[in-house]
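Undergrad: fold the following for me, if possible:
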Amino acid sequence: MNSFNFLLLTDTHFFKHSLGCHGKEYDEFMRFEQKCFAETESINNAVFEFLNNTELSDTVLIAGDLSFNGEYESHLGFIELLKKLKESGKRIFVITADHDFKRDDDSAFCFDENGRHAPKAAKRDELFDLYYEYGFKDAIAVDRKHLSYVAQLCDGIRLLALNNDGNCRDFKTYDDEQIAWIKEQTKRAREDGQMMIAMNHYPLLPGQPIFSIVPSAVQKNAGEITTMLADEGVHLVFTGHMHNQSINVKVTEKGNKIYDVCTGSIIASPSVMRLVTVESSKTVKVETLNCPDFDWDTGGRTCTQYLDDMFDSMILNMLADMKENPERILRRFGAGDKQKLFPIVKKIGRLLDKLTVGGTARLLWVKCDKSIRKTLLKDYIVELVRNVFSGNQTFKEGTPKGDVLLRVLKRFNFLLKKINLKTIDGEKADLYDIIKNSAGNYDIDDYNATLILEN
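TA: Numbers count the residues shown, from 1 in each chain. So this is what the prediction gives:
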């Protein structure tokens, strides 16, 4: 098998700007959004201009959530970009996901000065025809019911392109019929001497340890699915959904590996793509490319800083609401009617607004390096959270920011052990270990790595 490479991006969330993305309700909606909305068409235009002209590869994979929220006009706009990309000579393979269709039009939305509106939404049974030219048409096997297919990427390598919308009510899962189809395709690949890699919108391994206690962050029955895929000969899957940058690995009881390469959304920090080179059936090189600058008024900031600031504002707005509007922040967590909590949340919010890292350390009787003592606690929190999504987290043991966090965790570990939380695998969560390894990356480089698929 000769070396083969491809470009991969995910969570394009294309929104047709002309549908409407302005007004008071839009501004309110964006207070708590990690990803862009109004800017998405400009970002996608810049990314596809790069893809049209690059000589890095002639193959492009896109791992789901193609539209912002299923708007039919957004799909048509995105397909125009795909059409031009195909005309430039690129081969394109996409999958759709739950942001790409709605059961009713009211679930899609746009905004103008008169408030929120519901544009026409794409239905799930329309997606096959809409995206037929970009994967299904050239597939060697198609599961139309589950919007999945197998494509021959090159001589010796097949792509298992999986959609996991389930039954449109219980998302992020495969039914028995789809699992049987997957096993049939992996068996054929083995019999034909083909290496098979997969693309699946929802992560199959938690991108960061903290996501192991968030059910919506990982596909349902992920433990069973990853074991099945690895033991069937699929050792590499490319995912999205969480807008985080990560590479993780699992080894089954039979000794088979499976890597989950999750890639950040192009329309949110860190705004990246992957260049993947399959060097052999056992070795795959993964590199990260920053998305190009896009045409937008960023207020004098670089596009990267603009997207980072948008992410940061989401966290800062939550912290601000704690002291200024506790009802609103509690409402977001389903506790807006708990009025007894309002003064408590407000007091915590005021403390977070004023405290420094050094001051907090003194209150908790832990040592803090002088280089970060004057850092506002809220700025420390924002950076910590953004790092979780950006990957290669820097709050590691042996660094000032990492050491003070670990000292606090150790001081309160007796309480953490009493919290009865379960991971998605049903095991008791070790919160100290989860937070430590989510704040700092001690494992595979999340951006650039050479993956050894077989022992």
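Undergrad: buried residues in stretch 437-453?
TA: Using 16 or more other C-beta atoms under 10 Å as the test for burial, stretch 437-453 gives Asn437, Ser438, Ala439, Gly440, Asn441, Ile444, Asp446, Tyr447, Ala449, Leu451, Leu453. C-beta: built from backbone N, CA, C; applies to glycine.
Undergrad: next up, the contacts around the last one.
TA: What it means is Leu453. Counting by C-beta atoms under 8 Å, 6 or more residues apart in numbering, Leu453 touches His235, Leu236, Lys257, Tyr259, Ser281, Lys282, Thr283, Val284.
Undergrad: okay, the residues you listed in a markdown table with pLDDT and secondary structure next?
TA: Below are those laid out as a markdown table (pLDDT from 0 to 100; DSSP: H, G, I helix; E, B strand; the rest coil):
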| residue | pLDDT | secondary structure |
| --- | --- | --- |
| His235 | 97 | strand |
| Leu236 | 98 | strand |
| Lys257 | 97 | strand |
| Tyr259 | 98 | strand |
| Ser281 | 91 | coil |
| Lys282 | 94 | coil |
| Thr283 | 97 | strand |
| Val284 | 97 | strand |
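Undergrad: out of the residues you listed, which is nearest to Lys378?
TA: Among these, Tyr259 lies closest to Lys378 (C-beta to C-beta), at 35.6 Å.
Undergrad: tell me what that closest one is bridged to.
TA: Assessed by DSSP bridges, Tyr259 has beta-bridge partners Leu236, Val249.
Undergrad: residues contacting it?
TA: By C-beta under 8 Å, 6+ apart, the contact set of Tyr259 is His235, Leu236, Val237, Ile247, Asn248, Val249, Val284, Leu451, Leu453.
Undergrad: which one among those residues gets closest to Ala335?
TA: Relative to Ala335, the closest of the contacts of Tyr259 is Asn248; by C-beta to C-beta it sits at 32.4 Å.
Undergrad: how near is the closest residue to that closest one other than its chain neighbours to Phe238?
TA: Distance criterion C-beta to C-beta, 6 or more residues apart in numbering; nearest residue to Asn248, sequence neighbours excluded, is Leu205 at 4.4 Å. Distance, Leu205 to Phe238, by C-beta to C-beta, to the nearest Å: 12 Å.
Undergrad: spit out the contact partners of Phe93.
TA: Thr59, Val60, Leu61, Ile62, Tyr134, Gly135, Ala151, Leu153, Leu159, Ala161, Met199.
Undergrad: where does the second one sit: helix, strand or coil?
TA: Put simply, Val60 is strand when judged by DSSP: H, G, I helix; E, B strand; the rest coil.
Undergrad: is it true that it touches Phe50?
TA: No: using C-beta atoms under 8 Å, Val60 is not in contact with Phe50; the gap is 10.7 Å.
Undergrad: look at those two and report which has more neighbours.
TA: Higher neighbour count among Val60 and Phe50: Val60, with 22 against 15, using other C-beta atoms under 10 Å.
Undergrad: for the more buried one, list each beta-bridge partner.
TA: Those that pair with Val60 in a beta bridge, by DSSP bridges, are Leu7, Ile92.
Undergrad: now, which of the contacts of Phe93 sits nearest Trp181?
TA: Nearest to Trp181 among the contacts of Phe93, with distances taken as C-beta to C-beta, is Ala161, at 12.1 Å.
Undergrad: beta partners of that closest one?
TA: Residues in beta-bridge contact with Ala161 (DSSP bridges): Tyr149, Met199.
Undergrad: can you give me the helices in this structure?
TA: 24-30, 40-53, 72-87, 127-130, 176-191, 222-231, 303-324, 326-332, 342-354, 357-364, 377-390, 400-411, 413-416, 431-439 (DSSP state H).
Undergrad: out of the ones you listed, which is closest to Thr96?
TA: Across the helices of the chain, closest to Thr96 is helix 127-130 (C-beta to C-beta), at 4.9 Å.
Undergrad: got a list of contacts for the closest one?
TA: So helix 127-130 is contacted by His75, Ile79, Thr96, Asp100, Phe101, Ala122, Phe136, Arg144, Leu147 (C-beta under 8 Å, 6+ apart).
Undergrad: then that helix to PDB, C-alphas only?
TA: Output of helix 127-130 as PDB, limited to C-alpha atoms (Å, rounded to 0.1, in the frame of the first residue of the first chain):
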ATOM      1  CA  LEU A 127     -30.300  14.500   3.400                       C
ATOM      2  CA  PHE A 128     -29.400  11.500   1.200                       C
ATOM      3  CA  ASP A 129     -30.400  13.300  -2.000                       C
ATOM      4  CA  LEU A 130     -29.000  16.700  -0.900                       C
END
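Undergrad: got any ranges where the stretch 201-350 of the chain has weak pLDDT?
TA: Within the stretch 201-350 of the chain, the set of residues satisfying pLDDT under 70 comprises 336.
Undergrad: at 80 instead, please
TA: 332-338 (pLDDT under 80).
Undergrad: what average pLDDT does stretch 374-393 get?
TA: Averaging pLDDT along stretch 374-393 gives 96.
Undergrad: what lies in contact with it?
TA: Under C-beta under 8 Å, 6+ apart, the answer for stretch 374-393 is 34, 208, 210, 242-246, 264, 269-270, 308, 311-312, 315-316, 319, 352-353, 355-360, 372, 394-395, 401, 405, 438-441, 445-447.
Undergrad: please identify the buried residues of it?
TA: By neighbour count, with 16+ other C-beta under 10 Å as the criterion, the buried positions of stretch 374-393 are 375, 377-378, 380-393.
Undergrad: off-centre distance for that stretch?
TA: Stretch 374-393 has its C-alpha centroid displaced from the chain centroid by 18 Å (C-alpha atoms, centre = their mean, to the nearest Å).
Undergrad: make 275 the first number, not 1, from now on.
TA: Will do, 275 is the new start, and the previous item becomes stretch 648-667.
Undergrad: hmm, back to that, give me the buried entries from the contacts of Leu727.
TA: His509, Leu510, Lys531, Tyr533, Val558.
Undergrad: could I get the helices of the chain in TSV, plus columns for distance to Ile414?
TA: Putting the helices of the chain into TSV (distance: least, C-beta to C-beta, whole Å) gives the following:
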stretch	distance to Ile414
helix 298-304	43
helix 314-327	24
helix 346-361	19
helix 401-404	17
helix 450-465	9
helix 496-505	19
helix 577-598	38
helix 600-606	46
helix 616-628	55
helix 631-638	56
helix 651-664	36
helix 674-685	48
helix 687-690	50
helix 705-713	40
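Undergrad: of these, which is nearest Arg390?
TA: By C-beta to C-beta (comparing all of the helices of the chain), the closest turns out to be helix 298-304, at 5.1 Å.
Undergrad: who are the packing partners of the closest one?
TA: strand 384-386, strand 389-391 (3 or more C-beta pairs under 8 Å, 6 or more residues apart in numbering; DSSP states H and E).
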